[in-house]
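**Student:** Build me a structure from this.
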Amino acid sequence: MRIAQKIDAVAAPVGATWWPGYFVSTRTPLAITLANDFGFRPASRLTPAERRRGRIVTRDEVIAMIDRHSPRLFVNGNWGAVSDDYLTKHGYQVVDSFHNTKIWLAR
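**Tutor:** The predicted structure follows:
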C-alpha cells in the first residue's frame, strides 16, 4: 500500500516495473505489456505475433522502454533486472523509495 501511494504521488500518466504487484492498488496505470511478469520466462520462445497477442515482452524490450524513457516512471525493487547504476546512466533519478524499492523518474 505504501509503494502504491508513493507511485501515485509522482502523478505520472503510466508506469513500468518488472513486478506488476506494485501497481495493484494504484490509480497510476501500468504499461499493459508489463501486467504479466510470468511472460518474461517464455517470451524468448514465442514469436513476435504470439507475444503481441499475449501482450508479453522480452527483457530486452523492457530495457528498450527504459532507454526510450517510455514510460518515464519506473519502479525497481522485487525482481529488479536492471541496476540502479543503469537507471542513473540512462537519465533516471530516484524520486522516492521504501525499503528495497525505488521509484525512478526519467529526467
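**Student:** Next, the buried residues of the lowest-mean-pLDDT helix or strand in the chain.
**Tutor:** Lowest mean confidence among the helices and strands of the chain (mean pLDDT, DSSP states H and E): helix 40-43, at a mean of 89. Of all the residues in helix 40-43, those buried under the rule 16 or more other Cβ atoms under 10 Å are F40, A43. Placement of C-beta: from N, CA and C, glycine included.
**Student:** can you pull out the strands in the protein?
**Tutor:** Applying DSSP state E to the chain gives strands spanning 15-17, 73-76, 92-98, 101-106.
**Student:** will you turn the ones you listed into a markdown table that also has mean pLDDT, mean neighbour count and distance to R52?
**Tutor:** Formatted as a markdown table, the strands of the chain follow (pLDDT from 0 to 100; neighbours: other Cβ atoms under 10 Å; distance: least, Cβ to Cβ, whole Å):
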| stretch | mean pLDDT | mean neighbour count | distance to R52 |
| --- | --- | --- | --- |
| strand 15-17 | 95 | 24 | 18 |
| strand 73-76 | 96 | 26 | 22 |
| strand 92-98 | 96 | 15 | 27 |
| strand 101-106 | 97 | 21 | 25 |
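**Student:** Those into CSV, with extra columns for distance to D37?
**Tutor:** Converted to CSV, the strands of the chain look like this (distance: least, Cβ to Cβ, whole Å):
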stretch, distance to D37
strand 15-17, 9
strand 73-76, 12
strand 92-98, 19
strand 101-106, 15
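**Student:** From P48, how far off is the residue nearest to the spatial centre of the chain?
**Tutor:** In the chain, the residue lying closest to the centroid (Cα atoms, centre = their mean) is T17, at 1.8 Å. Using Cβ to Cβ, to the nearest Å, we find T17 at a distance of 23 Å from P48.
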